[in-house]
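1. Dropping the sequence and predicted coords here.
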Amino acid sequence: MSRERTRILIVDDEEIVRESLSAWLEKDGYTLATAPDGETALERIRGERWSILLVDLKMPGIDGLQVLEQARTLQPEAASVIMTAYATVDTAVEAMKLGAYDYLVKPFDPEELSLMIQKIVAQQALVRENVLLRKVLKREYRFRDLISKSPAMQAVFDLARTAARSSSTILILGESGTGKELLARAVHAESPRSQGPFVAVSCAALTETLLESELFGHEKGAFTGAVARRKGKFEMAQGGTLFLDEIGDISPKLQLDLLRVLEDRRFFRVGGSESVGVDARIIAATNKDLQKAVAEGTFREDLFYRLNVIPVHLPPLRDRIVDLPLLVEHFLEQLGAEINRHVDEVSSEAMAALMAHSWPGNVRELRNVLERAIVVASGRVIQVADLGLRRPSAEGAGVGPLASLDEVEKHHIAVVLADCGGNISQAARTLGIDRATLYNKMKKYQLRKDGEPEPEEHLTT
Amino acid sequence: MVDVFLWWIGAGVADEDLLTTLRAEVTRVFEVGARCWHGHERPLDSFDARRQQHSSTRILRWLLEARPRHSGKIVGLTDVDLFIPILTFVYGEAQLGGRAAVVSTARLASDNGFRLDRALLRERTMKEAIHEIGHTFGLIHCERRTCVMSRSVNLVQVDAKDHGLCPDCRRRYAELREQGHHEHE
């Protein structure tokens, strides 16, 4: 199987080398092609997929190292092997620096060549298998357009899946950019109402009067400019889902109107005298602390309880930093297709910078950072500079520049625990402390082995 | 029926027992006729003075010209050390799906400096000859270590092989014969 999929390009200016090498490898069942010079080779590398490039070092025009350098950008997944008649340490080092898989001196020992090709083929088969497994795993980690492997988010997905089957009102709580609308859309898509419309309204974006008309619609002549009857979002969402974003920002009058709609399941268009029935599932969301707003008297308690039937808390990205590599991979794939510019990965330094960032704008900020990086990246690997993150070193603690020492320590321990996959000994070694000290600190900061915060109920015991 | 001609083209004296056993083995494995050819000509331009080895590719070219007109496939057996330009040595070479093949005993005789075992040498030569003939019928390398069509780049690998085709290669061989890949003008 691997042999049939393995495509080898032999680049050498000597015809006899091209012929004898391709005839020898052809008998292993690989697909072979040859190029007599660097120019032809690059043309073929640009146009077709290759598994292995066997490239002669010394060729007139574009030489082997130049082919190697460009091949790294054009097809980083292809294994390049440099062939040369004279072995010098300098060229070998240079070739390896440029990312060559190996370096062979002509004529080759058949055993050496055979082993090397087998090794590359086996490695590439493993990489392919890995990609497949990751795809399968990614499906496991997905809830529609949301993706996460953190236990907290998995619990959110489970709750949302269950809630989707009912018609109960859902209240999504979370910071800006955590994916509240995506979750609402996912619930809608998983619900029996999925064939109906999904209507979203941002309550913070409109003035009280406009929002009232936007939500409930209006009759002709209801106000200046109301030249015809207009349906509101409640009517537009009939048979589907109405998503009320930024619900914490609505005025007291609208809070009362909304309460009535939720209680009576009926409403009046602005300027209308006939009530209209509501057949829409309500999902509300806010980044405000509604309980605090209730306590302060700025949000109606009765409306809060009407909305808070199934509360779902979306954790901020900094509390599920384990998801970062998964999200990066997901966005590189998604954005690559959207803006038609493909990069393969982020460098390890860039990944470290992303992991260390505090992400005040959450997943939305990450998406924007990666979009910019894809656009400005010069190769197929995103570098730290491409990210455009401000003061990455100052934000190394991931808790903001003015965090206390305890906050910095807590965050750093959580990141290391997550990175070590809950392996306490490894995490302790990385942190340079003993296991007992680490356990004490985990107890102090209420951290679990995987770096996630302990659930609320455990905090009180 | 295709006839495979086995021709000793080495510098030393031919091992007639080897040729006779090989002829029977070729008929058994490939179900074709096989004959021993006793021509006295030898390839003259295959020696490379710089490498002190013989070019297997040039020998193949010579075999195609010097072969008896009525031969289906021609297999040269020799005791000289063979090479192709990109490799330090080869045990043999064949045209994939073609007419000619060559096999050398030069590196098969060596057994880490121990006394040459004639029976072992015959066994190895037979495996390599059947392997190269398999290529002329269009068979490529097999991933089963015990199949005669598996790639062998050292003596351990040669010794690990049988001299028959594995079930997969036998099936593939039957398909190739059905498609007429072994027929020549």
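-> Noted; the coordinates are in hand. Numbering: from 1, shown residues only, chains lettered A, B, ... in the order given.
2. Please count neighbours and contacts with C-alpha atoms only from this point.
-> OK.
3. Mind telling me what element the spatially most distant residue from the centre of chain B is part of?
-> Most distant from the centre of chain B: residue B:50, at 25.1 Å, with distances by Cα atoms, centre = their mean. Using DSSP states H and E, residue B:50 sits in no helix or strand.
4. same deal with the one 4 residues further on?
-> Mapping residue B:54 onto the secondary structure by DSSP H and E places it in strand B:53-55.
5. hmm, who's touching that strand?
-> The contact list for strand B:53-55 (Cα atoms under 8 Å, 6 or more residues apart in numbering or on different chains) reads B:46-48, B:80-85.
6. In chain A, spot the helix with the most residues.
-> Identified as the longest helix of chain A according to DSSP state H is helix A:110-140.
7. That helix packs against which elements?
-> Packing partners of helix A:110-140 (3 or more Cα pairs under 8 Å, 6 or more residues apart in numbering or on different chains; DSSP states H and E): helix A:2-5.
8. Would the very next helix or strand once past the helix it packs on count as contacting chain B?
-> Downstream of helix A:2-5, the next assigned helix or strand under DSSP H and E is strand A:7-11. No: Strand A:7-11 is not in contact with chain B by Cα under 8 Å from any Cα of the partner chain; minimum separation 11.9 Å.
9. Is residue A:86 in a helix, a strand, or coil?
-> What DSSP: H, G, I helix; E, B strand; the rest coil gives for residue A:86 is coil.
10. hang on, the earlier thing: out of the contacts of strand B:53-55, which sit inside helices?
-> Counting by DSSP H, the contacts of strand B:53-55 contribute nothing to helices.
11. What are the buried residues along the longest helix of chain A?
-> Neighbour-count burial for helix A:110-140, with 16 or more other Cα atoms under 10 Å in any protein chain shown as criterion, is recorded at A:110, A:114, A:116-117, A:120-121, A:124-125, A:138.
12. Paired strands for the strand holding residue B:54, with orientation please.
-> Applying DSSP bridges to the sheet, strand B:53-55 is found paired with strand B:47-48 (antiparallel), strand B:82-83 (parallel).
13. Mean pLDDT and distance to residue A:89 for those - can I get that in JSON lines?
-> As requested, the strands paired with strand B:53-55 are exported to JSON lines (pLDDT from 0 to 100; distance: least, Cα to Cα, whole Å):
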{"stretch": "strand B:47-48", "mean pLDDT": "96", "distance to residue A:89": "29"}
{"stretch": "strand B:82-83", "mean pLDDT": "97", "distance to residue A:89": "27"}
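14. which stretch among those comes nearest residue A:373?
-> Across the strands paired with strand B:53-55, residue A:373 has its closest neighbour in strand B:82-83 (51.9 Å, Cα to Cα).
15. How about residues contacting the closest one?
-> So strand B:82-83 is contacted by B:53-56, B:89-92, B:104 (Cα under 8 Å, 6+ apart).
16. And the next helix or strand past that strand?
-> Under the assignment DSSP H and E, the closest C-terminal helix or strand after strand B:82-83 is strand B:92-94.
17. Who does that next one pair with, and is each partner parallel or antiparallel?
-> Take DSSP bridges as the rule and strand B:92-94 pairs in its sheet with strand B:100-104 (antiparallel).
18. which other helices and strands contact the helix or strand following the partner strand?
-> Per DSSP H and E, the first helix or strand lying C-terminal to strand B:100-104 is helix B:118-136. On a contact count with 3+ Cα pairs under 8 Å, 6+ apart, helix B:118-136 meets helix B:16-30, strand B:73-78, strand B:92-94, strand B:100-104, helix B:155-160.
19. Reformat these as a markdown table; add mean neighbour count.
-> A markdown table is the format used below for the helices and strands packed on helix B:118-136 (neighbours: other Cα atoms under 10 Å in any protein chain shown):
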| stretch | mean neighbour count |
| --- | --- |
| helix B:16-30 | 17 |
| strand B:73-78 | 26 |
| strand B:92-94 | 27 |
| strand B:100-104 | 28 |
| helix B:155-160 | 16 |
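20. how about the ones you listed in TSV, adding mean pLDDT?
-> Shown next, in TSV, are those (pLDDT from 0 to 100):
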stretch	mean pLDDT
helix B:16-30	95
strand B:73-78	97
strand B:92-94	97
strand B:100-104	98
helix B:155-160	94
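21. who's in contact with the residue nearest to residue A:34 when sequence neighbours are not counted?
-> Computed as Cα to Cα, 6 or more residues apart in numbering or on different chains, the closest residue to residue A:34 that is not its neighbour in sequence is residue A:10, at 4.6 Å. The contact partners of residue A:10, taken as Cα under 8 Å, 6+ apart, are A:18, A:21-22, A:32-35, A:53-55.
22. helix, strand or coil for residue B:7?
-> Classification of residue B:7 by three-state DSSP places it in strand.
23. State the number of residues packed around it.
-> 22 (other Cα atoms under 10 Å in any protein chain shown).
24. cool, and the one 4 residues further on?
-> The local packing count at residue B:11 equals 10, with neighbours defined by other Cα under 10 Å.
25. Which secondary structure state is assigned to it?
-> For residue B:11, the assignment made with three-state DSSP gives coil.
26. Report how many residues lie close to the closest residue to it other than its chain neighbours.
-> What sits nearest to residue B:11 in space, not counting adjacent residues and going by Cα to Cα, 6+ apart, is residue B:79, at 6.5 Å. Counted with other Cα under 10 Å, residues neighbouring residue B:79 total 19.
27. So which residues on chain A come close to chain B?
-> A:16-17, A:20-21, A:26-29, A:106-111, A:114.
28. what about residue A:453, distance to residue A:445?
-> Using Cα to Cα, to the nearest Å, residue A:453 is found at 8 Å from residue A:445.
29. Repeat that for residue A:356.
-> Taking Cα to Cα, one finds residue A:356 at 19 Å from residue A:445.
30. ok, the two, which is more surrounded?
-> residue A:356 (22 against 18).
31. picking that back up, which is the succeeding secondary structure element to the longest helix of chain A?
-> Following helix A:110-140 in sequence order, the next helix or strand is strand A:142-143 (DSSP H and E).
32. for the very next helix or strand once past that next one, what is the average pLDDT?
-> Once the chain leaves strand A:142-143, the next helix or strand it forms, by DSSP H and E, is strand A:146-147. On average, the pLDDT along strand A:146-147 is 90.
33. Centre of the chain to strand A:146-147, how far?
-> Relative to the mean C-alpha coordinate of its chain, strand A:146-147 is positioned 8 Å out (Cα atoms, centre = their mean, to the nearest Å).
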